[in-house]
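**Student:** Okay, predicted coordinates and the sequence, questions at the end:
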Amino acid sequence: MIVLFTDFGLTGPYTGQVKAVLYREAPGVPVVDLFADAPAFNPRAAAYLLAAYAVEFPRDTVFLCVVDPGVGMHRRRPVIVEADGRWFVGPDNGLFHVVARRATASRYWVIGWRPERLSASFHGRDLFAPVAARLARAGPPQDLAQGWVPEDFKDWPDDLLEVIYTDRYGNAMTGIRAAVLPQDARLKVRGHELERARTFGEVPPDTGFWYENANGLAEIAVNSGSAAEAFGIQVGAEVHVMSAAEHP
Amino acid sequence: MIVLFTDFGLTGPYTGQVKAVLYREAPGVPVVDLFADAPAFNPRAAAYLLAAYAVEFPRDTVFLCVVDPGVGMHRRRPVIVEADGRWFVGPDNGLFHVVARRATASRYWVIGWRPERLSASFHGRDLFAPVAARLARAGPPQDLAQGWVPEDFKDWPDDLLEVIYTDRYGNAMTGIRAAVLPQDARLKVRGHELERARTFGEVPPDTGFWYENANGLAEIAVNSGSAAEAFGIQVGAEVHVMSAAEHP
Amino acid sequence: MIVLFTDFGLTGPYTGQVKAVLYREAPGVPVVDLFADAPAFNPRAAAYLLAAYAVEFPRDTVFLCVVDPGVGMHRRRPVIVEADGRWFVGPDNGLFHVVARRATASRYWVIGWRPERLSASFHGRDLFAPVAARLARAGPPQDLAQGWVPEDFKDWPDDLLEVIYTDRYGNAMTGIRAAVLPQDARLKVRGHELERARTFGEVPPDTGFWYENANGLAEIAVNSGSAAEAFGIQVGAEVHVMSAAEHP
């Protein structure tokens, strides 16, 4: 299976062009749109998002990942990362750092191969898609690429105390794994302190809370409402963790 | 064929995660996105929408349906409904009531099976998708589920005098089958009385009208414009049927 | 491969209904969403867009194309065009004119066949999808259709000096092939004069420019920003080509 994790959107031409290459070069391999609205200009947020969602896929899944780099992000070599048997293809901008850091074992390649036609702006179609198709068909790269030592991103924390994605309901995923939080932790975002609930139904309508979402992330929500609207939350909003002890 | 009828959207992770399960558990079965923007918090409107669109699919089609329940909608057991040979998998919140009521024959099961991992918030991925895949592969449930007598929803009318969906052009579908309306019926919505036309081309530009859409529903539209914007229509807007005789 | 080029959107029911027909009638043939947001009410802009994106697909690709006609566009016979081995199915409203004009060889058919059920408003599902499926399965039409001499659209230029599409990042594609422009050409849109760059990284953040996009079109963009918002650009905005000599 090939999984797309991009900021390309679905209605315009970008995802379709990528899929056309994949269907041609890896016939019969299912292609899944996981995120087409990963946080553009924010590979760090995207990296924590990818790490939370990639682990539910089986070994040998190939992830084709493209997120527009932020200003001043200069290193963008095309790379392949293998982490616990899952394959990641995309730019060297930190996108694969969290998934690799959390893996038991990981390997790294720079993609040396170049296609006949390589546009300046659409490596997703011209370079990453053929490589992803080849990985899906033929497994580990041999001649394809050479070893690479990735940047260490020492300043990236284990969990990111920021909002990393807001979904269509207005729920705001944070870069924090719920499992690392105390049971009674409160999350504070844009001045609002929120308690934990297990499900939406546990709180009254129009009430904010946080919960462990279906992929293990701490997610800020409003029952029958939009947390993004109610609290003015965007990707990048800071999240503070407060223990109940701080609120006597 | 498996058909998705949800409020999950397509660009975020939810539909992709569901499809990943379907592709794994029912390899080779095509999956179609019918609605990813079915009316959230309004299973009743969604039920009339589903009924209008399901009937064009052949027998043995499996519909995986999830629509966020409204406030106070408590019953949400996972169920399977078979109606005239089509299969529906989803929550017991009325979503399948209209399709079953209009069918010649229908059968009902509560899904007793539970997956190893069942998240609190994403039954679409964890429970309904594996069950839909199994139905698509193996046909009628044997051990899977037990009988169930559905709620009768006596207060739900044969046709719903409300707007149940607005599409990307701003056309507003009602819950009324055009076939039950007199030929000269007018529809009144938010103070505007609209006459019937057969096609968009029959009325001048920027003029409102209603017509029988390609799935048999009475739909409110504006030629070369947006009825939703022009008349301020949202899902749930009341629609009144007026016969020409009322306008001497 | 069947490629969809429409203004149907993806989340609502239209694209899904078309795909359901294609999966049934051409099992195993991949279907790609190229554009689901082609410019509605503007078949001329759509024609230049289609021409730029169709050429990267291999021979025998079948394009199913529907764009809502503008007011006063009366001719809408269902047609098939074959241009350099690629197949185009859709309405006779000029949508295929540019792709045919730029082809070495092209052929034309009017679709005489009619399905049992033909709705007034959804020929994409009822007529074009079965025909596209048949072309993908069985190749060139024999009995299907009769010859046709298309309108000549003499007033349509070789390249269209207008914005023909704005993407989700706010980049504005023009109907101008970059290859026909002098290297030092500036593009003027809504009072803003923009110089050429090769990539986004060549200009400072928040700066406007134009570049040759990955499909050969001159495209107006802002580094790390939205050109559509910054310059108030919509589809149809006029674009003027200025040579550097005009700016001493």
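**Tutor:** That came through, no problem. Residues are numbered from 1 along each chain as shown, chains lettered A, B, ... in the order given.
**Student:** Every contact and neighbour count from this point should use C-alpha atoms.
**Tutor:** OK.
**Student:** tell me which parts of chain A are close to chain B?
**Tutor:** Residues of chain A found near chain B (Cα under 8 Å from any Cα of the partner chain) are A:9-10, A:30, A:32-37, A:167-168, A:198-199, A:205, A:213-214, A:224.
**Student:** Of those, grab the buried ones for PyMOL.
**Tutor:** To isolate the buried members of the residues of chain A next to chain B in PyMOL, using 16 or more other Cα atoms under 10 Å in any protein chain shown:
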select buried, chain A and resi 9+10+30+32+33+34+35+36+37+167+168+199+213+214+224
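**Student:** Which stretches in chain A count as strands?
**Tutor:** Under the criterion DSSP state E, chain A contains strands at A:2-6, A:31-35, A:62-66, A:78-83, A:86-91, A:106-111, A:145-147, A:160-166, A:172-177, A:186-189, A:192-194, A:208-212, A:217-222, A:239-242.
**Student:** Just put those in a markdown table and tack on distance to residue C:48 and mean pLDDT.
**Tutor:** Shown next, in a markdown table, are the strands of chain A (distance: least, Cα to Cα, whole Å; pLDDT from 0 to 100):
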| stretch | distance to residue C:48 | mean pLDDT |
| --- | --- | --- |
| strand A:2-6 | 27 | 98 |
| strand A:31-35 | 28 | 98 |
| strand A:62-66 | 28 | 98 |
| strand A:78-83 | 32 | 94 |
| strand A:86-91 | 31 | 96 |
| strand A:106-111 | 35 | 91 |
| strand A:145-147 | 38 | 66 |
| strand A:160-166 | 35 | 98 |
| strand A:172-177 | 40 | 98 |
| strand A:186-189 | 47 | 98 |
| strand A:192-194 | 50 | 97 |
| strand A:208-212 | 48 | 97 |
| strand A:217-222 | 44 | 98 |
| strand A:239-242 | 47 | 96 |
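**Student:** For stretch A:24-33, measure first residue to last.
**Tutor:** Start-to-end span of stretch A:24-33 (Cα to Cα, to the nearest Å) is 17 Å.
**Student:** Return the residues in contact with residue A:88.
**Tutor:** A:62-65, A:80-82, A:96 (Cα atoms under 8 Å, 6 or more residues apart in numbering or on different chains).
**Student:** Bridged to the nearest residue to residue A:58 once chain neighbours are set aside, which residues?
**Tutor:** With Cα to Cα, 6 or more residues apart in numbering or on different chains as the criterion, residue A:58 has its nearest non-adjacent residue at 7.4 Å, and that residue is residue A:86. Counting by DSSP bridges, residue A:86 is bridged to residue A:83.
**Student:** contacting residues for residue A:86?
**Tutor:** Here residue A:86 is in contact with A:58-63 (Cα under 8 Å, 6+ apart).
**Student:** if we can go back for a sec, out of the contacts of residue A:88, who has the most neighbours?
**Tutor:** residue A:80 (32 neighbours; other Cα atoms under 10 Å in any protein chain shown).
**Student:** Let me know the distance separating that one from residue A:127.
**Tutor:** In terms of Cα to Cα, residue A:80 sits 12 Å off from residue A:127.
**Student:** cool, residue A:183 as well?
**Tutor:** Distance from residue A:183 to residue A:127, by Cα to Cα: 45 Å.
**Student:** So these two - more neighbours on which side?
**Tutor:** residue A:127 (22 against 13).
**Student:** Does the more buried one touch residue A:114 like I think?
**Tutor:** Yes - contact criterion Cα atoms under 8 Å: residue A:127 and residue A:114 qualify, at 6.8 Å.
**Student:** Spell out for me which residue occupies the centre of chain A.
**Tutor:** When chain A is reduced to its mean C-alpha position, the nearest residue by Cα atoms, centre = their mean turns out to be residue A:50, at 2.4 Å.
**Student:** Give me the pLDDT value at that residue.
**Tutor:** The model reports residue A:50 with a pLDDT of 98.
**Student:** Name the nearest residue to it, ignoring sequence neighbours.
**Tutor:** Excluding the flanking residues, the one nearest residue A:50 by Cα to Cα, 6+ apart is residue A:99, at 7.1 Å.
**Student:** Could you double-check that the one you found sits in contact with residue A:49?
**Tutor:** No - judged on Cα under 8 Å, residue A:99 makes no contact with residue A:49 at a distance of 9.4 Å.
**Student:** still on that earlier bit, who are the neighbours in contact with the residue nearest to the centre of chain A?
**Tutor:** By Cα under 8 Å, 6+ apart, the neighbours of residue A:50 are A:5, A:95-96, A:99.
**Student:** Of those, which is the nearest to chain B?
**Tutor:** Comparing the contacts of residue A:50 against chain B with Cα to the nearest Cα places residue A:5 closest, at 9.2 Å.
**Student:** which residues does that closest one contact?
**Tutor:** So residue A:5 contacts A:33-36, A:38, A:50, A:63-66 (Cα under 8 Å, 6+ apart).
**Student:** Could you give the bridge partners of it?
**Tutor:** With DSSP bridges as the criterion, residue A:5 is bridged to residue A:35, residue A:65.
**Student:** Tell me, how many residues neighbour residue A:157?
**Tutor:** Residue A:157: 12 neighbours (other Cα under 10 Å).
**Student:** Next, work out how far apart it and residue B:232 are.
**Tutor:** Counting by Cα to Cα, the gap from residue A:157 to residue B:232 is 47 Å.
**Student:** buried residues in stretch A:190-207?
**Tutor:** A:193-197, A:199-200, A:203, A:207.
**Student:** Dump that stretch to CSV, restricted to CA.
**Tutor:** Output of stretch A:190-207 as CSV, limited to C-alpha atoms (Å, rounded to 0.1, in the frame of the first residue of the first chain):
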residue,chain,number,x,y,z
ARG,A,190,-5.0,30.6,24.2
GLY,A,191,-6.0,31.3,27.8
HIS,A,192,-8.5,28.5,28.1
GLU,A,193,-7.9,25.6,30.5
LEU,A,194,-9.4,22.4,29.5
GLU,A,195,-10.0,19.2,31.4
ARG,A,196,-9.7,15.7,30.1
ALA,A,197,-12.7,13.7,29.0
ARG,A,198,-12.9,10.2,27.5
THR,A,199,-15.5,11.0,24.8
PHE,A,200,-17.5,13.9,23.5
GLY,A,201,-20.6,12.7,25.2
GLU,A,202,-19.0,13.1,28.6
VAL,A,203,-19.2,16.9,28.5
PRO,A,204,-22.2,19.2,28.0
PRO,A,205,-22.8,20.7,24.5
ASP,A,206,-20.6,23.7,23.6
THR,A,207,-18.1,22.7,26.3
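**Student:** Please enumerate residues in contact with it?
**Tutor:** By Cα under 8 Å, 6+ apart, stretch A:190-207 touches A:183-188, A:208-212, A:222-225, A:231-233, A:237-239, B:71, B:120-121.
**Student:** Kindly report the same for stretch A:19-37.
**Tutor:** With contact meaning Cα under 8 Å, 6+ apart, stretch A:19-37 is reached by A:1-10, A:15, A:125, A:129-130, A:132-134, A:136-137, B:10-17, B:19-20, B:23, C:30, C:32.
**Student:** let's see 7 Å
**Tutor:** A:1-10, A:125, A:129-130, A:133, A:136-137, B:11-13, B:16-17, B:19-20, B:23, C:30, C:32 (Cα atoms under 7 Å, 6 or more residues apart in numbering or on different chains).
**Student:** List buried residues within the residues you listed.
**Tutor:** The buried subset of these - by 16+ other Cα under 10 Å - is A:1-10, A:125, A:129-130, A:133, A:136, B:11-13, B:16-17, B:19-20, B:23, C:30, C:32.
**Student:** What backbone torsions are found at residue A:155?
**Tutor:** Dihedral angles of residue A:155 (phi, psi; degrees, to the nearest 10) stand at phi -80, psi 0.
**Student:** Am I right that residue A:169 is in contact with residue A:224?
**Tutor:** No - contact status for residue A:169 versus residue A:224: not in contact, 9.0 Å apart, counting by Cα atoms under 7 Å.
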